[in-house]
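Asks: test case, fold it:
(chains A and B)
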2 protein chains.
Amino acid sequence: MSTASGTEVEQDFLQTLIKHGHFLLTGEPGIYGRGEVFEDVRSRFDALVTLVGASDKPETPRFPPLIPKRTLEKSGYLESFPHLCGVVYSFAGNDAAALDLLERAHRSDNWSMHLAMTDVVLVPAACYPAYPAIALRGPLPERGVTLDLGGSYVFRNEPSGDPARLQIFHQREMVRIGEAEDVLGWRETWMTRARNIFEQCGLNATLDVASDPFFGRGGRLLSKSQREQRLKFEALVPIASPKPTAVSSFNFHQDHFGSAFGIQLHDGKVASSACVGFGLERITLALFRAHGIEIRDWPTKVRNRLWPEASRGT
Amino acid sequence: MSTASGTEVEQDFLQTLIKHGHFLLTGEPGIYGRGEVFEDVRSRFDALVTLVGASDKPETPRFPPLIPKRTLEKSGYLESFPHLCGVVYSFAGNDAAALDLLERAHRSDNWSMHLAMTDVVLVPAACYPAYPAIALRGPLPERGVTLDLGGSYVFRNEPSGDPARLQIFHQREMVRIGEAEDVLGWRETWMTRARNIFEQCGLNATLDVASDPFFGRGGRLLSKSQREQRLKFEALVPIASPKPTAVSSFNFHQDHFGSAFGIQLHDGKVASSACVGFGLERITLALFRAHGIEIRDWPTKVRNRLWPEASRGT
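Replies: Below is the predicted model of the structure:
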């Protein structure tokens, strides 16, 4: 992980992004506005993922970036990543408390004593809202379900000077819930699709077994076990940090979410699940890093793939 | 404002939305997933707003749903709406604290003592991130700036049983920053455009002077003054609550944000601003309410306006 201020290369890349209007500073590391050209690239890559996954005929529900606190509690996230969570607090005091809050805010003093936990938290991974929603429908159909959740905002409490490590970003996520072997086969299919997508975009991606940044002393063991069971794969691409950055992940959850949220197969057994995520801002940054800060300088092959209608001369 | 459980009509409408797959329950009032058909309508209305505003040639930056806490403190929001704010807390404790947090979460006990305020808050109105970003660029060009911020997620801490009162929703917002008379004229133009849009969509909208739900004992005076100065107009449409629901607003901020964030006109004077917002989920709900829960039953005129390519037979 990079430091709060970022390495020199990371800082340089951030300055370049700002100078060209791709990122807009907000005053907080990892929270940036995005310019028109950046957004065009991001949505074009998003559309390419849609195209590649269309043959799965997925359902396409959409979820907002907040979930009930209860969903987070049930999901197991607090066991693995309490340090990354985001819980929403608000104010429910009287006039006097509001006045004190305001005076403290004006002098940039701490006003947290006036806030209380609400019942909602930020979405930590785009697939979390989907599991309870699917469980509510009752047992799965025989072939399970495939979801394309679109590009959802997810939150990670990790302010960083690396422009590729955002506190809030678009995770483009697909989910498969069903029998373990179906789910694993689907993940395999997406690893092949992702290799092709990155190749077509001229990105030098390496797919490898990976592990999550589990919290605390027990975290190391969890990471080791996750690797040994090959539960997580990542696609890594060079961006600005010393090592290549993960831009995509392919996760087999076994029956973790099926058990946590009570998702049943058609025969009443507990369902397994897998998800595939593309970090859209990271991939957009990787494209600028690989091909140049101006799109007109990008290889024709890459431009034709992302803007196919332009290549057809319409 | 409606009650936490909603009126009978609101509850019925919510049940109808769920039954038809337009809303997906999450277990928390005001936080819903959205189905494919709902999202199609929402994005079609969004595209119609883009089309109508295109002649302004706006800049189109995009901002995530979090801003620095400092931006909220400077904006004046805490003075007017502390009860609606959303502040992000997270965990920075040790292994023992993490274990206690987890045990409390497992037994649905309070775990708030283990969390601390971060430096980020949820965006309360889509235009808030834009003001500091524009201020950073230095004095405005002579004709000011016009922004189209797209459909941004905004948060309001107001759990409600009314399906039209969400805790997080898409506010489609445009902003004009410049001389007061330009800004007021632009707001007037958008009020005319909005009347046309709603008429074309077959929505029975009433535009009227309005006020915000200011907090506390002083709130009444602030509302009165806001009305007297005609700073806020709203478009109101019948949805499910007893009174028509505000689906769009047209706000003149005078030099409030210009002063708060130091935005200067080309001549160094403080800039004025206005914003126009469309509540996309509310408008989508209003369309289902007005024309029927199945799109095939909607008036041809409305369908042709929202799906123009279908009406051209392509």
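
Asks: which residues touch the residue most central in space within chain A?
Replies: Centrality entry for chain A: nearest residue to the mean C-alpha point is A:Gln171, 3.2 Å, by C-alpha atoms, centre = their mean. Counting by C-beta atoms under 8 Å, 6 or more residues apart in numbering or on different chains, A:Gln171 touches A:125-126, A:151-154, A:277-280. C-betas here are computed from N, CA, C, even on glycine.

Asks: and for A:Leu287?
Replies: The contact partners of A:Leu287, by C-beta under 8 Å, 6+ apart, come to A:41, A:45, A:201-203, A:298, A:302.

Asks: how about A:Arg305?
Replies: Applying C-beta under 8 Å, 6+ apart, the residues contacting A:Arg305 are A:48, A:200-201.

Asks: quick check: mean pLDDT of the helix or strand harbouring it?
Replies: Per DSSP states H and E, A:Arg305 falls inside helix A:300-306. Helix A:300-306 shows a mean pLDDT of 97 in the predicted model.

Asks: list the buried residues for that helix?
Replies: For helix A:300-306, the neighbour count (16 or more other C-beta atoms under 10 Å in any protein chain shown) marks A:302-303, A:305-306 as buried.

Asks: helix, strand or coil: sort out the closest residue to A:Asp109 other than its chain neighbours for me.
Replies: Excluding the flanking residues, the one nearest A:Asp109 by C-beta to C-beta, 6 or more residues apart in numbering or on different chains is A:Glu103, at 8.0 Å. Three-state call for A:Glu103 (DSSP: H, G, I helix; E, B strand; the rest coil): helix.

Asks: please indicate which of the contacts of A:Arg305 are buried?
Replies: Taking 16+ other C-beta under 10 Å as the criterion, what is buried in the contacts of A:Arg305 is A:48, A:201.

Asks: after whichever strand or helix holds A:Asp208, which helix or strand is next? Please name it.
Replies: Secondary structure from DSSP H and E places A:Asp208 in strand A:206-209. Where DSSP H and E defines the elements, the next helix or strand beyond strand A:206-209 is helix A:219-228.

Asks: list the buried ones in that next one?
Replies: Buried, per 16+ other C-beta under 10 Å, within helix A:219-228: A:219, A:222-223, A:226.

Asks: and the helix or strand following that helix, what does it pack against?
Replies: Next helix or strand after helix A:219-228 toward the C-terminus (DSSP H and E): strand A:232-237. The contact analysis (3 or more C-beta pairs under 8 Å, 6 or more residues apart in numbering or on different chains; DSSP states H and E) places strand A:232-237 against helix A:180-200, strand A:206-209, strand A:245-252, helix A:280-291.

Asks: apply 7 Å and report the result again.
Replies: Using 3 or more C-beta pairs under 7 Å, 6 or more residues apart in numbering or on different chains; DSSP states H and E, the elements in contact with strand A:232-237 are helix A:180-200, strand A:206-209, strand A:245-252.

Asks: what's the closest of the ones you listed to B:Val52?
Replies: helix A:180-200 (35.2 Å; C-beta to C-beta).

Asks: that closest one: which residues count as buried?
Replies: Within helix A:180-200, the residues that count as buried by 16+ other C-beta under 10 Å are A:180, A:182-184, A:186-187, A:190, A:193-194, A:197-198.

Asks: from those, pick the one nearest B:Leu147.
Replies: Proximity of these to B:Leu147 (C-beta to C-beta) peaks at A:Ile197, which lies at 32.4 Å.

Asks: so where's the stretch 1-150 of chain A uncertain?
Replies: Applying pLDDT under 70 to the stretch 1-150 of chain A flags the ranges A:1-4.

Asks: ok so, going back, out of the buried residues of helix A:180-200, who's nearest B:Asn110?
Replies: Top of the list for closeness to B:Asn110, among these and by C-beta to C-beta, is A:Val183 at 36.2 Å.

Asks: rewinding a little: which strand residues bridge the residue nearest to the centre of chain A?
Replies: Beta bridges link A:Gln171 to A:Ser152, A:Gly279, judged by DSSP bridges.

Asks: measure it to A:Gly151 for me?
Replies: Distance, A:Gln171 to A:Gly151, using C-beta to C-beta, to the nearest Å: 7 Å.

Asks: in TSV, list the contacts of A:Leu287 along with secondary structure and distance to B:Ala133.
Replies: Below are those laid out as TSV (DSSP: H, G, I helix; E, B strand; the rest coil; distance: C-beta to C-beta, whole Å):
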residue	secondary structure	distance to B:Ala133
A:Val41	helix	20
A:Phe45	helix	24
A:Cys201	coil	29
A:Gly202	coil	31
A:Leu203	coil	29
A:Trp298	coil	26
A:Val302	helix	29
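
Asks: so how far is stretch A:116-136 off the chain centroid?
Replies: 14 Å (C-alpha atoms, centre = their mean, to the nearest Å).

Asks: and it, what's buried?
Replies: Buried residues in stretch A:116-136, counted by 16+ other C-beta under 10 Å: A:117-135.

Asks: pLDDT averaged over stretch A:231-250 - what is it?
Replies: 96.

Asks: contacting residues for the closest residue to A:Ile168 other than its chain neighbours?
Replies: Spatial nearest neighbour of A:Ile168, chain neighbours left out: B:Pro64 (4.4 Å); criterion: C-beta to C-beta, 6+ apart. Each residue near B:Pro64 by C-beta atoms under 7 Å, 6 or more residues apart in numbering or on different chains is listed here: A:31, A:153, A:168.

Asks: return the member of the residues you listed nearest to chain B.
Replies: A:Ile168 (4.4 Å; C-beta to the nearest C-beta).

Asks: verify the stated contact: that closest one with A:Tyr153.
Replies: Yes. Using C-beta atoms under 7 Å, A:Ile168 makes contact with A:Tyr153 at a distance of 5.6 Å.

Asks: thought A:Leu147 was touching A:Ala130?
Replies: Yes. Here A:Leu147 reaches A:Ala130: they are 5.6 Å apart, a contact under C-beta under 7 Å.

Asks: shared neighbours of the two, which are they?
Replies: A:Val175.

Asks: can you name the residue of the stretch 201-314 of chain A nearest chain B?
Replies: A:Gly216 (4.5 Å).

Asks: give me the number of residues near that residue?
Replies: Counted by other C-beta atoms under 10 Å in any protein chain shown, the residues lying close to A:Gly216 total 18.

Asks: likewise for A:Gly178?
Replies: Neighbour tally, A:Gly178, other C-beta under 10 Å: 24.

Asks: could you give the bridge partners of it?
Replies: Under the criterion used (DSSP bridges), A:Gly178 bridges to A:Ser272.
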